[in-house]
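> A predicted structure for the sequence below; I have some questions about it.
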Amino acid sequence: MKLLVDIGNSRVKWAIMDDNGLTESQSFDRNKSGIKSSLNKAWKTLAYIKAIYVANVAGEKIAEQLSDWTQKQWNLTPKFIQAEKKHFGVINAYDEPEKLGVDRWLSLISARQHARLAQCIIDCGTAITVDIVTKAGQHQGGMIIPGISIMKSSLVNNTDALTADTDNQEFKTLATNTYSAIHTGTLYAVTATIERIISDLKESFNNRIRFIITGGDAEALLPLLSDDVHHYPDIVLRGLAFYARQDKTKTSVRKKTKPEQDEDTAAVKESDTDAKLKSESAPPAKENTQNDAQQVTDSSTKDKPKPARKPRKTRATKPKAAAKTETQASDTSLPEEAI
């Protein structure tokens, strides 16, 4: 089993990949200072983990803590995926490809499966990111917008009269308490921005574009968005799965070719093949010679041999055909020795 991990700015999302595909994803909030205590609660009972693939946008400190924990627990070092210039049919538009957030990169790879249309991925986390990939796999670039939580905290932290009274949080078009007013205002600000982006992109792509929403705040925003926005909560994990499957393919190829790289085994196979070819080609030649001799004897006893029966010509062509067969069989064995 392989463990796929998506570490965001405020949450850790994960799933197991086995022969049946991805399990249902699970998540937990992460502490800003560390995640080891959270890992003990979430993963302590996990067993038979063979590999770990990680998308991490939370920084080196979190990555080191994760690596330390998995080394002690399973003696495994996680494989941290990074954005690339080109992979899985997607071409990165960034001038410095590695600077594109790995979560955005993996979302593009996952969305690329729907190649009949261009794809727009709207990831609503701590920050809201928007990325577009064409049906040919060309990343067009994107944008980053402050998320709902950043907008709320910005208002609360920079206005003396406002406090983060989360108990009064509810959605009303016209709120009757301060924090609900903040909550409603930020939701409308974000959805209005997203709707304008959707409208502009539909015009740019002549309505040949598909919209995907993901991230922790997606469910809060969906009721306020148009119906043609598709919710894919595990799109980053599904992008990670491409890398996990790729490693499996490489392993299977390695196992297949390893025995054929053994020189002693190849030599034995080659000698066996030569012996087999000789044993198969010898009898036909002997049989043909006997047949030809019999034909010559039969023809000599007749007064007028038929012109169509030419024993010498037949005798000459039979061994030649056998030699050709032997050469062709020998040529067929060459690719197996070269592999």
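Looks like it arrived, so ask away. Numbering: from 1, shown residues only.

> now for the closest residue to Ile16 other than its chain neighbours: which residues touch it?
Nearest non-adjacent residue to Ile16, counting by CB to CB, 6 or more residues apart in numbering: Thr23, 4.5 Å away. The C-beta positions use only the backbone N, C-alpha and C, and glycine is treated the same way. Taking CB atoms under 8 Å, 6 or more residues apart in numbering as the criterion, Thr23 is in contact with Ala15, Ile16, Met17.

> repeat that for 10 Å
Met1, Leu4, Trp14, Ala15, Ile16, Met17, Leu237 (CB atoms under 10 Å, 6 or more residues apart in numbering).

> swap in Phe28?
Listed by CB under 10 Å, 6+ apart, the contact set of Phe28 reads Arg11, Val12, Lys13, Trp14, Ile35, Ser38, Leu39, Lys41, Ala42, Trp43.

> can you rerun that using 8 Å?
By CB under 8 Å, 6+ apart, the contact set of Phe28 is Arg11, Val12, Ser38, Lys41, Ala42.

> now the phi/psi pair for it, please.
Backbone dihedrals for Phe28, given as degrees, to the nearest 10, come out at phi -150, psi 150.

> quick one: it from Gly239, how far?
Counting by CB to CB, to the nearest Å, the gap from Phe28 to Gly239 is 20 Å.

> what does Trp69 give?
Distance check for Trp69 against Gly239: by CB to CB, it reads 23 Å.

> between the two, tell me which one has more neighbours.
More neighbours surround Gly239 than the other of Trp69 and Gly239, with 28 against 19 (other CB atoms under 10 Å).

> that one reaches Trp105, doesn't it?
Yes: with contact taken as CB atoms under 8 Å, Gly239 and Trp105 are classed as touching, separated by 7.3 Å.

> of the contacts of Thr23, just say which sits nearest to Asp95.
Each of the contacts of Thr23 was scored against Asp95 by CB to CB, and Leu237 proved nearest at 27.8 Å.

> Leu237 belongs to a helix?
Yes: Leu237 forms part of a helix when assessed by DSSP: H, G, I helix; E, B strand; the rest coil.

> OK, contacts around it?
Listed by CB under 8 Å, 6+ apart, the contact partners of Leu237 are Leu4, Asp6, Lys13, Trp14, Ala15, Leu22, Ser25.

> the last one: what's it in contact with?
I take that to be Ser25. Here Ser25 is in contact with Lys13, Trp14, Ala15, Pro233, Asp234, Leu237 (criterion: CB under 8 Å, 6+ apart).

> nearest to Ile198, of these?
For Ile198, the closest of the contacts of Ser25 turns out to be Pro233, at 19.1 Å, with distances computed as CB to CB.

> thinking again about what came up before, of the contacts of Phe28, which pair is most distant in space?
The widest separation within the contacts of Phe28, taken as CB to CB, falls between Arg11 and Lys41 and amounts to 14.1 Å.

> more neighbours, the two?
For Arg11 versus Lys41, the count of surrounding residues by other CB under 10 Å is larger for Arg11: 16 against 9.

> pull the number of nearby residues for the spatially closest residue to the more buried one that is not a sequence neighbour.
The spatially closest residue to Arg11, leaving aside those adjacent along the chain, is Ser27, at 5.2 Å (CB to CB, 6+ apart). Close neighbours of Ser27, defined as other CB under 10 Å, add up to 15.

> name the SS class of Ser27, please.
What three-state DSSP gives for Ser27 is strand.

> do I have it right that it meets Ala15?
No: judged on CB under 8 Å, Ser27 makes no contact with Ala15 at a distance of 9.6 Å.

> please enumerate the strands of the stretch 1-150 of the chain.
2-7, 11-18, 21-22, 26-29, 51-56, 79-80, 86-87, 90-91, 118-124, 127-133, 139-146 (DSSP state E, counting those that start in this stretch).

> tell me what the first one is packed against?
In this case it means strand 2-7. strand 11-18, strand 51-56, helix 60-74, helix 235-257 (3 or more CB pairs under 8 Å, 6 or more residues apart in numbering; DSSP states H and E).

> what's the mean pLDDT across the longest one?
The one in question is helix 235-257. For helix 235-257, mean pLDDT is 72.

> neighbours around Ile121, how many?
26.

> which ones are touching it?
For Ile121, counting by CB under 8 Å, 6+ apart, the contacting residues are Arg104, Ser107, Leu108, Ala111, Thr129, Val130, Asp131, Ile132, Val133, Ile212, Thr214, Ile235.
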